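Peer 1: give me the fold of what follows.
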Amino acid sequence: MGCFSYMCKKSGKAILSDSFSGDAVHLFLLYKGEVIEYMYGNYDSYGRVFSNSNGSFEWKMDWSDIIDLSYENDNTSGIAAILDSHFNGEFPTERSNFDPNQGWGDDSVIKKVENPFHKVFKEIKKEEIKKEEIKTKIDYKKLINLISYAEDILNKI
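Peer 2: Next up, the predicted model:
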């Protein structure tokens, strides 16, 4: 997996990392506008933050599901990132844009986060995501049927 990064939801600046150290950042995993997981620490270039144990925290949600959410038309699911220097305690409800430069740059001021953490507020299973997709498709079919029905009525007038 190659390096990538996000743009800060508050400042519009890139979240930077050289894969060994990175900006102090708050990362939020969103599902339908709700924060379901939260990480705080130094960005690791791979959508996570470093832990204090020579590695990075892992999201509870499967990474492939996170990536799928990040490319949906609905921007209320995926990862939102806020630089620590711009975080006011308010949780975001929409994901961040990807950084076109993949988090590389030389204007980062590295502040070592002494107590990084990862909190899981709600676990969303792959089956729940698939159920939501199916429900959306069923609702869409109902809408198409309703439009066809309305067109039939209008044609009879």
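Peer 1: next one: Trp104 from Leu29, what distance?
Peer 2: 23 Å (C-beta to C-beta, to the nearest Å). From N, CA and C alone the C-beta is placed, and that goes for glycine too.
Peer 1: and if you look at Asn97?
Peer 2: 16 Å.
Peer 1: check Ser21 too.
Peer 2: With the distance defined as C-beta to C-beta, Ser21 ends up 22 Å from Leu29.
Peer 1: who has more neighbours, these two?
Peer 2: Neighbours around Ser21 and Leu29, counted as other C-beta atoms under 10 Å, are more numerous at Leu29. The numbers are 27 against 16.
Peer 1: can you confirm the more buried one is in a strand?
Peer 2: Yes - judged by DSSP: H, G, I helix; E, B strand; the rest coil, Leu29 forms part of a strand.
Peer 1: show me what contacts it?
Peer 2: Neighbouring residues of Leu29 by C-beta atoms under 8 Å, 6 or more residues apart in numbering: Val35, Ile36, Glu37, Tyr38, Trp59, Met61, Ile66, Gly78, Ile79.
Peer 1: now swap in His26 and tell me
Peer 2: By C-beta under 8 Å, 6+ apart, the neighbours of His26 are Tyr38, Met39, Tyr40, Ala81, Ile82, Leu83, Asp84, Phe87.
Peer 1: what's the answer for Phe4, then?
Peer 2: Contacts of Phe4 by C-beta under 8 Å, 6+ apart are Ser45, Tyr46, Gly47, Phe98, Asp99, Gln102, Gly103.
Peer 1: quick check: domain ranges of this protein?
Peer 2: Following automatic domain parsing, the chain resolves into domains at 1-123, 125-157.
Peer 1: tell me which of the ones you listed is the most buried.
Peer 2: Most buried of those by mean neighbour count (mean count of other C-beta atoms under 10 Å) is domain 1-123; its value is a mean of 17.
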